[in-house]
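**Q** Provided below are the primary sequence and the corresponding predicted coordinates.
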Amino acid sequence: MERDLIRERTKSAMAIEKTNGQRVGTLPYGYESAKDGSTLVAAEQEQAVLASIPGARGRPFGNPTWTQRTIARLGRQSSIRLRGRPRKQPHGKA
């Protein structure tokens, strides 16, 4: 009962703020609120992080040179595991 009352009051207050042009909810990453409280302004450091993300696609383990050195150091052929269940090894082999 009390929970429903709190929910209704919160929704009502947020609706009033929204109709008055105020921002409701959290700010999206990469932006901050301007002095007027309703305009979004780009945050420089967060925008730099967002701009670097598309370059990382296709390289989930970071720098390709580091990945290749690590694969060679571990004696592997690839950094990607095969899909499915591992194959059973014959007895006596690991």
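**A** Cool, got the structure.

**Q** skipping its backbone neighbours, what lies nearest Tyr29 in space?
**A** Spatial nearest neighbour of Tyr29, excluding adjacent residues (CB to CB, 6 or more residues apart in numbering): Glu46 at 5.8 Å. No exception for glycine: its C-beta is placed from N, CA and C like everyone else's.

**Q** so that neighbour, which state does it fall into?
**A** With DSSP: H, G, I helix; E, B strand; the rest coil as the basis, Glu46 sits in helix.

**Q** confidence score at it?
**A** The model reports Glu46 with a pLDDT of 91.

**Q** could you do Glu32 as well?
**A** Looking at Glu32, its pLDDT stands at 90.

**Q** ok, the closest residue in space to it that isn't next to it in sequence to Gln22 distance?
**A** Excluding its sequence neighbours, the residue lying closest to Glu32 (CB to CB, 6+ apart) is Ala43, at 4.7 Å. Counting by CB to CB, to the nearest Å, the gap between Ala43 and Gln22 amounts to 20 Å.

**Q** okay, these two: which has more neighbours?
**A** Ranked by neighbour count (other CB atoms under 10 Å), Ala43 and Gln22 place Ala43 first, with 15 against 12.
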